[in-house]
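Chemist: Sequence plus the predicted model coming up.
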Protein chains: 4
Amino acid sequence: MNTFGQLFRVTTFGESHSGAVGCVIDGCPPRIAIDSKEIETELARRATGQSHITSGRREAEQVEILSGLTDGKTLGTPICILVKNSDARPQDYANLKDVYRPSHADFTYDQKYGIRAASGGGRASARETTARVMAGVIARKILHEWYGTEILAYVSRVKDIAAQIDLKNITLKKIEANIMRCPDEKVAKQMIALVEQMKAAGNSVGGVVSCIARNVPVGLGDPVFDKLEATLARALMSLPATKGFEIGSGFGGTYLTGREHNDPFYQKADGTIGTTTNNSGGIQGGISNGEDITMNIAFKPTSTITESQETVNTKGNKVTLDNLSGRHDPCVLPRAVPIVEAMVALTLVDHALRQRVIK
Amino acid sequence: MNTFGQLFRVTTFGESHSGAVGCVIDGCPPRIAIDSKEIETELARRATGQSHITSGRREAEQVEILSGLTDGKTLGTPICILVKNSDARPQDYANLKDVYRPSHADFTYDQKYGIRAASGGGRASARETTARVMAGVIARKILHEWYGTEILAYVSRVKDIAAQIDLKNITLKKIEANIMRCPDEKVAKQMIALVEQMKAAGNSVGGVVSCIARNVPVGLGDPVFDKLEATLARALMSLPATKGFEIGSGFGGTYLTGREHNDPFYQKADGTIGTTTNNSGGIQGGISNGEDITMNIAFKPTSTITESQETVNTKGNKVTLDNLSGRHDPCVLPRAVPIVEAMVALTLVDHALRQRVIK
Amino acid sequence: MNTFGQLFRVTTFGESHSGAVGCVIDGCPPRIAIDSKEIETELARRATGQSHITSGRREAEQVEILSGLTDGKTLGTPICILVKNSDARPQDYANLKDVYRPSHADFTYDQKYGIRAASGGGRASARETTARVMAGVIARKILHEWYGTEILAYVSRVKDIAAQIDLKNITLKKIEANIMRCPDEKVAKQMIALVEQMKAAGNSVGGVVSCIARNVPVGLGDPVFDKLEATLARALMSLPATKGFEIGSGFGGTYLTGREHNDPFYQKADGTIGTTTNNSGGIQGGISNGEDITMNIAFKPTSTITESQETVNTKGNKVTLDNLSGRHDPCVLPRAVPIVEAMVALTLVDHALRQRVIK
Amino acid sequence: MNTFGQLFRVTTFGESHSGAVGCVIDGCPPRIAIDSKEIETELARRATGQSHITSGRREAEQVEILSGLTDGKTLGTPICILVKNSDARPQDYANLKDVYRPSHADFTYDQKYGIRAASGGGRASARETTARVMAGVIARKILHEWYGTEILAYVSRVKDIAAQIDLKNITLKKIEANIMRCPDEKVAKQMIALVEQMKAAGNSVGGVVSCIARNVPVGLGDPVFDKLEATLARALMSLPATKGFEIGSGFGGTYLTGREHNDPFYQKADGTIGTTTNNSGGIQGGISNGEDITMNIAFKPTSTITESQETVNTKGNKVTLDNLSGRHDPCVLPRAVPIVEAMVALTLVDHALRQRVIK
């Protein structure tokens, strides 16, 4: 299932080494201005080779919009957007085609489909998320135009190095101020040092990306199976390397009593109703309540490590893996930030369209 | 959106105080034996009034199967199953119809739909999950018949009281051995004592339900948006009161390095391939690898507390809530156990059917 | 697939002899007044036993609305509506359980599912359409309230007896003026005489039901695969016994040249744009243009005839069928009229909701 | 809605003058050999400029397969296939951008979306069907490999010139033997003469394309809303210019009595069960019965004519249309043939995959 969304339907395509990766967006509202440049700008945040702590594969991200626009505006028809895969190096993978790399998808793809991409990670590669980011740019734009919605993700923890974040003060500028995309400048430096150390050792680390969505209108979410947190969870857990999802107080909230956890309602100065605390993370009964939506997503340490590892090949024979391609990320978190934002945007815009039906 | 599943499609209906709650299952394979008694047996695990630490509302769970069977076997046509709502007490809620209870869905339903159920929690009530459990019985049966799949959920933590669990030794019998549904008998007693204390204080607690699925065939999961962990996350985060989801190593896994976290492959005695560790939680690249699938789900402390609370009414005026109906659970966890199992079963059976298409 | 509609989703359930037939409507807008009485009134138009030219099976149509309403208004949550099956006579079918009746679904259901309903036609029975009519009442009501839409079906031909109809003058009253539901009173009498003659001979006839939808707003239809005529065609061809569908000029239009067939645009007195002719049948490019939508649906002669017929049993042995249950319709057309209207209403309301997303 | 199919999901994109037209196929089974050459060969049957009786626009059909394959075999991942639009001549349409051409989609697209493609017919152009033909090649290949299914469409009537066809004897070779794609060679010549005459007069004609599908396995179709004839009807009525659909006996069958129309079952020499006649058109109860599936589709006379016509512009003012672009088809039927086949193949392969779930 490579389509996301009920009304803003994004179908992605492309393997790590296929001709292109891209998406078709069906159900995008008409008369939205879209520019390939703004998509390229966002892709640069996701691109490899952006800093010394990310993968070295250089991705040529020239965006082609092949349909769905007239004079730079959406027609309400399907929008096909793609980027060509220009730096594929299949030969790097030749010696891996019969090997099941630990904690990769080689084995499971083989078992499920009876075939797998001859090189690269195929659809399991993070390369696939390029398409999500492209679609996310449009989703975000719509949300921003309609509601002033702002979606900000950032690295909040790398292994055991956690940032101290004041949610009120986070800005895109602070997030982009360092290559870790952690708005706590001091902690970011420690995180970077850890990643450098891991890279040198041929090892890898994971951590947590957090996300806040501000100015989300009240009423988004579609109980019972498409409660807002349920669709956000699916969206984010569909990203490679994710192991956990939290909304609002998350697992930490389970250490509180009901009295401590409940968010009392009050009337705001403008007459609308809000809550004095936000353990709910902006969602109650599966529907947004107008407060900030807050989430955490756990990303495991990258599976690709260059240190020697034992595993088996497709015949079940033992194999030792050495010197796996150096073109990998010792820590996926900085590049995961724009991808998380994209998935949140895609989820929210789909719910925004669904809510139009009811109003 | 009240339908779950692409091929095994369960549509649930019913409010807490409507005539009935139930479901229609469309896409159930033909020739499966179904008995209303086995559904009633499972419903009893979810029912209120089952112990002194759960809600006192007595639910009459007489199951009616209205379609889809001939001589006790499924026809491959839609199966409608329902239970009547016989113990609704709308008058208990008369004084609440203009009040927004903290951390309930009253406010958001009102805002989204412009109307809400005059009494009870409507669709936001846990009553709705009855329908999921009914459908889950059939899903489980199919999985068990086809693959010997076993799905076991249990309470692993209540507030800060955590059980010590050896995954290998968990059995249904051990889980059902105490009213907390925690297979660590000693810790279960402490948990129960805590809940009794909370109940007496008019307060509530939350915690974690864990789940293990054994004998899941290799190959389930539908990348990229319906990766197995993504659909499980959606399934479980669609349950009332959930705040977080973990697969395999979860958030804890982010404290490891790649070397520590990777699960090496090896050849088992029977010639098949497995992994020596299971940080992946039985899923790699969004597809089951044949190892046990392990999950944790965070449930917040119950929103309904009887202690006095401040909030506002529909006009935004301050209101003090006292003595909310005593028919609530001071801790939802024991009753959440069968519901978690049901959602896992519904997710797995849907993927099992999808996988038939490929084979 | 027993669900119809993308946003106004109707899932039907029930076999001819199961406990009940009904539907769950998910996605119905909130705050619509619904009354079980109005549904029962419409069901009476579809009911058997309504005249001497329809099937004698008496259907007790007491409507139960089990969910989705509060104080008689929709909540925006799933609405379950059903009627019990009270007059099932399984014994009438005992001798047919191993026989493949000609042009019935006995053989194909057996082949597809490996099982079939022990009595009656199961899901292939026209009994299933009861659920569609119930859902259709709500769809029609919404369309009428929002746009003043009026949907009228009628019998336009029985075998070779064709009515002369002036589309401008058709009213519900004229249609209901005779038991044939043909607004051409004189021709209706001939049709009735033919059906009586067929019934006496143990034979059956088919014909054409036509339908006109007035005051359909401009803009309904969802190219390219859900063009309005495509979804109408699917809706109507999903009815039992249908063999053909026409929109606007239909097959007859293929005898014209482009010059003759094109519908010129003009400006109406109120400033809006219309067409001077309506060969398009109210749809252009798959989207409604504001003119009347006109359709014809071919219904084959009823498969159940009481005259002796040759066929085979499940083992492939020759069997002679005599005296099939007398409770069948020698001509389904009069009872098909409300069913056709229901399917048109369900199609239009779904498109109306989809169009809200774009506006 | 630009996606077709539940399991073999084809999403098409592209306007008549956009950068490309193409499709993404999600759900294609793995390990199917695909070659861009075979797709190009089939596209040539649909291409403009193929004979003197079709549109002169020359379409460069160089097929690019951008994803979903490894070593020429499908991976089970999304397949993106496209052709660039190289011969768009937007200037031809400059004078039409404010005009509503009679029986075109200009008016309805403007009304629905509030915007429309600045040139060409946008998504309403037959150019869009290129994508369907590309996907259809793969669908057909699968059906042929699995069941030996053969799908043959042909022109059976142009205006009032009808071919005499013996269904048993139709072959692809006979259909392709003349530029009309009518296997009745003598009548084909008369049809061609009529089209030449219409072209000379600046007028156009329509007619009927018929289709037969042989070796369709028993059991395809998904009652009740996705009965095989219902999905075929939707598939075919989603094509531009269609006005009617018939399955089996169609409207003609309504002139028969039940006794005449019923198809008696018999046991074939090989022990399987068949019917002695085929008024059912290979489908009973919405499910294929193993007999040939037969259909007729009505195509209206082409809306684009070069003769002078009256209409209005976007302001509602009267306009006379003269000398519309000569690059149109005076009769769409010959080029509709491969498109009809493609839609039938896409429908059947989707049902074939669905049936795998049940078996």
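Modeler: That came through, no problem. Remember, predicted model here, so these are calculated numbers, not experimental data.
Chemist: Contacts for the host helix or strand of residue A:44, please.
Modeler: According to DSSP states H and E, residue A:44 maps onto helix A:36-46. The set of residues external to helix A:36-46 that reach it, using C-beta atoms under 8 Å, 6 or more residues apart in numbering or on different chains, is A:50, A:59, A:61-65, A:81, A:83, A:129-130, A:133-134, A:136-137, A:141, A:176, A:335, A:337-339. Every residue, glycine included, has its C-beta placed from N, CA and C.
Chemist: List the buried residues in it.
Modeler: When neighbours are counted by 16 or more other C-beta atoms under 10 Å in any protein chain shown, the buried residues of helix A:36-46 are found to be A:36, A:39, A:40, A:42, A:43, A:45, A:46.
Chemist: Present those as TSV; the columns should include pLDDT and distance to residue A:15.
Modeler: Rendered in TSV, the data for those read as follows (pLDDT from 0 to 100; distance: C-beta to C-beta, whole Å):
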residue	pLDDT	distance to residue A:15
A:36	96	23
A:39	97	21
A:40	95	21
A:42	94	22
A:43	94	18
A:45	92	22
A:46	89	17
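Chemist: tell me which of the residues you listed is nearest to chain D?
Modeler: Within the buried residues of helix A:36-46, the smallest distance to chain D is 11.0 Å, found for residue A:36 (C-beta to the nearest C-beta).
Chemist: what's near enough to touch the residue of the stretch 51-200 of chain A at minimum distance from chain C?
Modeler: Across the stretch 51-200 of chain A, the shortest distance to chain C (C-beta to the nearest C-beta) belongs to residue A:76, at 6.3 Å. If you count contacts by C-beta under 8 Å, 6+ apart, residue A:76 has them with A:28, A:29, A:30, A:31, C:358, D:112, D:113, D:115.
Chemist: Drop anything exposed from the residues you listed.
Modeler: Buried members of these, scored by 16+ other C-beta under 10 Å, are A:28, A:29, A:30, C:358, D:112, D:113, D:115.
Chemist: who's in contact with the residue of the stretch 201-350 of chain A found nearest chain B?
Modeler: For the stretch 201-350 of chain A, the residue closest to chain B is residue A:285, as judged by C-beta to the nearest C-beta, at 2.2 Å. By C-beta under 8 Å, 6+ apart, the contact list for residue A:285 reads A:221, A:223, A:227, B:104, B:105, B:108, B:109, B:124, B:240.
Chemist: which of the contacts of residue A:76 are the two that sit furthest away from each other?
Modeler: Pairwise distances across the contacts of residue A:76 (C-beta to C-beta) peak at 14.1 Å, for the pair A:28 and D:112.
Chemist: Find the helix or strand that residue A:152 is a member of.
Modeler: strand A:150-158.
Chemist: Pairing partners for residue A:309 in the sheet, please.
Modeler: Residue A:309 has the following beta-bridge partners by DSSP bridges: residue A:321.
Chemist: Report the separation between it and residue B:240.
Modeler: Going from residue A:309 to residue B:240 by C-beta to C-beta, to the nearest Å gives 43 Å.
Chemist: Compare those two (neighbour count), which wins?
Modeler: For residue A:309 against residue B:240, the residue with the higher neighbour count under other C-beta atoms under 10 Å in any protein chain shown is residue B:240, and the figures read 25 against 21.
Chemist: Leaving out the residues flanking it, which one is nearest to the more buried one?
Modeler: Spatial nearest neighbour of residue B:240, chain neighbours left out: residue B:126 (5.2 Å); criterion: C-beta to C-beta, 6 or more residues apart in numbering or on different chains.
Chemist: ok, now residue A:22?
Modeler: residue A:82 (2.7 Å).
Chemist: Please apply the same query to residue A:132.
Modeler: Using C-beta to C-beta, 6+ apart, the nearest residue to residue A:132 is residue A:342, at 4.9 Å.
Chemist: re earlier: the strand holding residue A:152 and chain B in contact?
Modeler: Yes. Using C-beta under 8 Å from any C-beta of the partner chain, strand A:150-158 reaches chain B at residue A:157.
Chemist: Tell me which strands that strand pairs with, and in which orientation.
Modeler: Partners of strand A:150-158 in the sheet, by DSSP bridges, are strand A:161-162 (antiparallel), strand A:207-214 (antiparallel).
Chemist: Give me whichever of the ones you listed is most buried.
Modeler: Neighbour counts averaged per stretch over those are highest for strand A:207-214, at a mean of 23; criterion: mean count of other C-beta atoms under 10 Å in any protein chain shown.
Chemist: Which strand residues bridge residue A:296?
Modeler: Residues in a beta bridge with residue A:296, per DSSP bridges, are residue A:210, residue A:246.
Chemist: Report how many residues lie close to it.
Modeler: When neighbours are counted by other C-beta under 10 Å, residue A:296 registers 22.
Chemist: before we move on, back to that, residue D:108 versus the residue of the stretch 201-350 of chain A closest to chain B, what's the distance?
Modeler: The gap separating residue A:285 from residue D:108 is 39 Å, by C-beta to C-beta.
Chemist: low-scoring stretches of the stretch 1-150 of chain A, by residue?
Modeler: Segments of the stretch 1-150 of chain A classed as low confidence (criterion: pLDDT under 70) are A:56-60, A:87-94.
Chemist: do the same with the stretch 151-300 of chain A
Modeler: By pLDDT under 70, the stretch 151-300 of chain A contains no weakly predicted segment.
Chemist: Show the contacting residues for the closest residue to chain C within it.
Modeler: Using C-beta to the nearest C-beta, residue A:223 is the residue of the stretch 151-300 of chain A that sits closest to chain C, at 7.8 Å. In this structure, residue A:223 makes contact with A:285, A:286, A:287, B:1, B:2, B:105, B:123, B:124, C:77, judged by C-beta under 8 Å, 6+ apart.
Chemist: The third one and residue B:108 touch, don't they?
Modeler: To tie it back to what came earlier, the one meant is residue A:287. Yes. Under the contact definition of C-beta atoms under 8 Å, residue A:287 touches residue B:108, with a separation of 3.7 Å.
Chemist: list the residues that contact both of the two?
Modeler: Between them, residue A:287 and residue B:108 have A:218, A:219, A:221 as joint contacts when contacts are counted by C-beta under 8 Å, 6+ apart.
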